[in-house]
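**Q** Just a sequence and a predicted model for now, questions to come.
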2 protein chains.
Amino acid sequence: SKHVKTKVLEFFSLLIKLGQDDPRRVVHSLKAGLALTLVSLFYYYQPLYKSFGVSAMWAVITVVVVFEFSVGATLGKGVNRGLATLLAGGLAVAAHQLANLSGRIGEPIVLGIFVFLQAAVSTFVRFCPQIKARYDYGLLIFILTFSLISISGFRDDEVLELVHKRLLTVLIGGSTCVIISVLVFPVWAGQDLHNLIASNMEKLGIFLEGFGDEYFKMPEDGESKEDRPFLQGYKSVLDSKTNEDALANFARWEPRHGRFQFRHPWKQYLKIGALTRKCAYRIESLNGHLYADIQAKREIRSKIQETCTTMSMESGKALKELSMAIKTMVKPFAADIHIENSKSSVKNLDTLLKSGLWDDETDLLEVVPVATVASLLIDVVTCTAEIAESVNE
Amino acid sequence: SKHVKTKVLEFFSLLIKLGQDDPRRVVHSLKAGLALTLVSLFYYYQPLYKSFGVSAMWAVITVVVVFEFSVGATLGKGVNRGLATLLAGGLAVAAHQLANLSGRIGEPIVLGIFVFLQAAVSTFVRFCPQIKARYDYGLLIFILTFSLISISGFRDDEVLELVHKRLLTVLIGGSTCVIISVLVFPVWAGQDLHNLIASNMEKLGIFLEGFGDEYFKMPEDGESKEDRPFLQGYKSVLDSKTNEDALANFARWEPRHGRFQFRHPWKQYLKIGALTRKCAYRIESLNGHLYADIQAKREIRSKIQETCTTMSMESGKALKELSMAIKTMVKPFAADIHIENSKSSVKNLDTLLKSGLWDDETDLLEVVPVATVASLLIDVVTCTAEIAESVNE
């Protein structure tokens, strides 16, 4: 039981941490509770219950499944659900009418064929990636509503009224969600995407700023190199594609908010994100060299130490400036200077290498790791310049 | 209208392509239609309808939302839904009883508080990543069922019977899904994960086998280097983490099938997948050098051409062998030979570089790109050896 107690305590401290990391989560939970309590009034309040009856259930169901963390996700699901219910309801009424013509025995057979066909076709269409990204939920609701209404029609001839009530309650539930998510401490997916892109860039910048010193620091300096958590921040950038795609998808549903228009160029963010990730792949290779067993000799390293450190430092600063520029939405003038600096240190490195400064001790084997680091840094500088270009667009 | 016509035709050819790429999609759609048609019998067949009435609706809803592409996903959702309905139903009955004590006016207030509290707490718990991965759907259903049943209790005192019917119909819907997905052409997430890991490794192998020739081929050879689709296959490996995680999650729900036990070490697959991705990051850097503007001089390149091509070729072959070994589930003996070969060519390269063979023309600037490629290939060889070790485990 002591074991269970520690488990429970651990779980609670995890929950507290989740809340502290992003207090919007706590607010979201309260908002979800509020929305649900509001729509449950349809049951408690007699006049409302009279007009909807058990159909009020659909308002509750809609709130539970449609209410999402960001405004965009909620709006997207709400619109999907509303349109799908309308469309499926209409088609189900038509199917019911057709089935009615075939008599009491033929009816379930005709209905069964309809249900089978639409379920199979809609399920197949859901595999289409473009449709899956934006309308997957709508298709699910389409299958659900069409099946429920056309089947219910077999037992209940008031199909039109059923559709009407269903649509109305879904609209009520959906708009409750949308209104609460927009009015009460809204969480904008667009803003989140914006911040994610900026902070990913910043993470790469932090790595690059620290890399030079870390790489050229001699192991004799004491402590092991492995315990540098600030150098590991970039790792999350490697896998952020899914997250970026989802946020961009949600953001497209969002109306004008803050500094963002309705048709803000969200695709540009994905482009910048892809370039940032490309840069992160190079940094992952660089990171491998930070902890490599075979390190170049001190003399060789020290020759290019200055230029490499400058390259790394300046591209890091440029990325940080770009990140700041995105955050504050101003043109990144300061970044240009750092990019120029990093480019000119690439040139310095070229000159340094050309000068044949080190012919005397040409153990090329020892030059290789340093050369690789230098070359990866050159790649990083190129990536940074590309990112800067994209940000400027 | 001609424009619309082309759009529609495009859409249909896209659908046909989706079906041809993976015929299991067509089968899955038919299975979904079948499952839905089966549960709709509860409406058509009088004796069944008599015992369930409109509650039969929940069987239909369950089938629509629980039926997923793979057995693991279906089972996971089904179990989640069943357990959540049971738990939420029980708690809702208790809440209803408590609320009953507080009289006709107090009842909706007490119920409202319960609904608000459980919705807020459950919504918050859904943010917990470990829980989200496996029980997200269960928590959603928990909120839904608790709210619906405790609220309905206000209008209908037969709460226990309501819970009983709900649970039974959910079980019927859920087991219909599970039975159909297991018996009719089952799609196993575990098998898919297994294939994905193997094919990702193969893609890297294909790149490496082609890289040497491609890199050392002189641009004068005619056509541009950009049009090599077989060299771009590895790109999909970079972003496959989300997919792997999802499949591993589903696979954990799956019973013994084919050559897989119930508790097959799915985590090992994720580990191998992570190593494969690490290797893919290096390959992404290598790929950048394939199309770089600054290329080393022919003489310098030709000196290391042989060893580098061997390194690349042998590690490529090793990866392909490892991929085959995973596919056929036998020990990868042949891979060990290729790994040894690639390691010995790393040593050859070391000797070559140490020999100072090229002191006469030390324009180090031109050595840098070649050195980088060599060094990245050394990294790839190391990664490959790591992957081989993991596969052997």
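**A** Here it is on my side, so go on.

**Q** what's the helix or strand for A:A334?
**A** helix A:333-354 (DSSP states H and E).

**Q** name the helices or strands packed onto that helix?
**A** In terms of contacts (3 or more Cβ pairs under 8 Å, 6 or more residues apart in numbering or on different chains; DSSP states H and E), helix A:333-354 is packed against helix A:298-328, helix A:364-392, helix B:364-392. All C-beta atoms are positioned from the backbone trio N, CA, C, and that covers glycine.

**Q** give the contact list for A:V187.
**A** A:V187 sits next to A:24, A:28, A:69-71, A:181 when contact means Cβ atoms under 8 Å, 6 or more residues apart in numbering or on different chains.

**Q** overlap between the residues you listed and the residues near chain B?
**A** A:H28 (Cβ under 8 Å from any Cβ of the partner chain).

**Q** among the contacts of A:V187, who's most crowded?
**A** With neighbours taken as other Cβ atoms under 10 Å in any protein chain shown, the top of the contacts of A:V187 is A:S181, carrying 27 neighbours.

**Q** what about the closest residue to it other than its chain neighbours, how many neighbours?
**A** Nearest residue to A:S181 in three dimensions, chain neighbours excluded: A:T74, at 4.5 Å (Cβ to Cβ, 6 or more residues apart in numbering or on different chains). For A:T74, the count of nearby residues is 28 (other Cβ under 10 Å).

**Q** So A:H338 versus A:T62, what's the distance?
**A** Distance, A:H338 to A:T62, using Cβ to Cβ, to the nearest Å: 51 Å.

**Q** between the two, who's got more neighbours?
**A** Under the criterion of other Cβ under 10 Å, the comparison of A:H338 against A:T62 puts A:T62 first, with 27 against 23.

**Q** what sits against that one?
**A** A:39, A:81, A:169-170, A:172-174, A:177.

**Q** Now do it, the pLDDT please.
**A** Per-residue pLDDT puts A:T62 at 94.

**Q** got it, and A:S315?
**A** 81.

**Q** Ok, the one 4 residues further on next?
**A** pLDDT, the model's per-residue confidence, is 83 for A:L319.

**Q** which residue sits closest to it in space, ignoring its chain neighbours?
**A** Leaving aside its chain neighbours, A:L319 sits nearest to A:G205 (3.6 Å; criterion: Cβ to Cβ, 6+ apart).

**Q** give me the element the one you found is part of.
**A** Using DSSP H and E, A:G205 sits in helix A:189-216.

**Q** Show me which positions of that helix end up buried.
**A** By neighbour count on 16 or more other Cβ atoms under 10 Å in any protein chain shown, the buried set for helix A:189-216 is A:189-194, A:196-212, A:214-216.

**Q** what residues are up against A:E254?
**A** Applying Cβ under 8 Å, 6+ apart, the residues near A:E254 are A:70-72, A:75, A:188-190, A:260, A:262.

**Q** Please render those residues as CSV that adds pLDDT and distance to B:V125 to the earlier fields.
**A** Listed next are those as CSV, based on pLDDT from 0 to 100; distance: Cβ to Cβ, whole Å:
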residue, pLDDT, distance to B:V125
A:S70, 93, 19
A:V71, 93, 22
A:G72, 92, 23
A:L75, 94, 25
A:W188, 92, 24
A:A189, 91, 22
A:G190, 89, 27
A:F260, 76, 31
A:F262, 69, 34
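
**Q** and A:F12, how many neighbours?
**A** Using other Cβ under 10 Å, A:F12 has 10 neighbouring residues.

**Q** Repeat that for A:R126.
**A** Based on other Cβ under 10 Å, the number of other residues close to A:R126 is 22.

**Q** residue contacts, it?
**A** For A:R126, the contact set (Cβ under 8 Å, 6+ apart) comprises A:132, A:136, A:139-140.

**Q** can you check A:N341 too?
**A** By Cβ under 8 Å, 6+ apart, A:N341 lies in contact with A:310, A:314.

**Q** Go again with 6 Å.
**A** A:E314 (Cβ atoms under 6 Å, 6 or more residues apart in numbering or on different chains).

**Q** thinking again about what came up before, I'd say the residue nearest to A:S181 and A:C177 touch.
**A** Yes - using Cβ atoms under 6 Å, A:T74 makes contact with A:C177 at a distance of 5.3 Å.

**Q** just for the stretch 201-350 of chain A, where's the confidence low?
**A** A:218-230, A:262, A:291-300, A:332 (pLDDT under 70).

**Q** Enumerate the residues of it near chain B.
**A** A:239, A:241-242, A:281-282, A:284-285, A:350 (Cβ under 6 Å from any Cβ of the partner chain).

**Q** out of the residues you listed, which are buried?
**A** Buried positions within those, assessed by neighbour count (16+ other Cβ under 10 Å), are A:239, A:241, A:281-282, A:284-285, A:350.

**Q** what would the helices and strands packed on helix A:333-354 look like in a markdown table with mean neighbour count and distance to A:K5?
**A** As requested, those are exported to a markdown table (neighbours: other Cβ atoms under 10 Å in any protein chain shown; distance: least, Cβ to Cβ, whole Å):
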| stretch | mean neighbour count | distance to A:K5 |
| --- | --- | --- |
| helix A:298-328 | 21 | 44 |
| helix A:364-392 | 23 | 49 |
| helix B:364-392 | 23 | 37 |
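
**Q** right, so of those, which gets closest to B:P108?
**A** helix A:298-328 (46.9 Å; Cβ to Cβ).

**Q** Can you spell out which helices and strands pack onto that closest one?
**A** helix A:189-216, helix A:333-354, helix A:364-392 (3 or more Cβ pairs under 6 Å, 6 or more residues apart in numbering or on different chains; DSSP states H and E).

**Q** Redo the ones you listed as CSV? Include distance to B:L98.
**A** Output for the helices and strands packed on helix A:298-328, formatted as CSV (distance: least, Cβ to Cβ, whole Å):
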stretch, distance to B:L98
helix A:189-216, 39
helix A:333-354, 62
helix A:364-392, 58
